[in-house]
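> whatever this is, show me its structure:
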Amino acid sequence: QVQVVESGGGLVQAGGSLRLSCTASGRIFSTYAMGWFRQAPGKEREFVAAISRLAYSTYYSDSVKGRFTISRDSNKNTVYLQMNSLKPEDTAVYYCAAGSSALRTPEPYDYWGQGTQVTVSS
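Next up is the predicted model:
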């Protein structure tokens, strides 16, 4: 069993920055690809970013490419999502997930956190 816990959400003005953290415990961290998804009210959960097991590859949705950066620190069993130039449309609950492949769909991810709220005011 793997426990996934997100932190770092909050309220920020448009143009500001936030860094989300996600700690995964219970198995060898490098065993898992990690992904970030988000869900806004009334919308489906959507892919944000993913990173492969050993951080050789990263992937981003078109809506965040160039603004968000995903990274991982295996010494701390933690994956980060640095979010810059935030926009009101980035407002959502952000979920971290651990899985077998760093893909853009939720299916490969077996373990999910409870989510952290990010609110961007205009």
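> now the end-to-end length of stretch 108-122.
One end of stretch 108-122 sits 35 Å from the other (Cα to Cα, to the nearest Å).
> pull out the buried positions in it.
The neighbour-count check on stretch 108-122 (16 or more other Cβ atoms under 10 Å) flags 108-109, 111-113, 115-116, 118, 120 as buried. C-betas here are computed from N, CA, C, even on glycine.
> find the centremost residue of this structure, please.
Among the residues of the chain, residue 36 comes closest to the average C-alpha position under Cα atoms, centre = their mean, at 2.5 Å.
> looks like it contacts residue 83 (just checking).
No: between residue 36 and residue 83 there is no contact under Cβ atoms under 8 Å: 9.5 Å.
> who does the closest residue to residue 90 other than its chain neighbours bridge with?
Nearest non-adjacent residue to residue 90, counting by Cβ to Cβ, 6 or more residues apart in numbering: residue 120, 5.1 Å away. Beta-bridge partners for residue 120, by DSSP bridges, are residue 12.
> list the contacts of residue 120.
Applying Cβ atoms under 8 Å, 6 or more residues apart in numbering to residue 120 gives the contacts 11-14, 16, 86-91.
> any idea how far residue 22 is from residue 88?
Using Cβ to Cβ, to the nearest Å, we find residue 22 at a distance of 23 Å from residue 88.
> cool, residue 41 as well?
For residue 41 relative to residue 88 (Cβ to Cβ), the value is 13 Å.
> between these two, who's got more neighbours?
For residue 41 versus residue 88, the count of surrounding residues by other Cβ atoms under 10 Å is larger for residue 88: 11 against 7.
> so what's the more buried one up against?
14, 120-122.
> can I get those in JSON lines with pLDDT?
Formatted as JSON lines, the contacts of residue 88 follow (pLDDT from 0 to 100):
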{"residue": "14", "pLDDT": "98"}
{"residue": "120", "pLDDT": "98"}
{"residue": "121", "pLDDT": "97"}
{"residue": "122", "pLDDT": "94"}
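> most widely separated two among these?
Greatest spatial distance among the contacts of residue 88 (Cβ to Cβ): 120 and 122, at 7.6 Å.
> need the residues touching each of those two.
In contact with both residue 120 and residue 122: 14, 88, using Cβ under 8 Å, 6+ apart.
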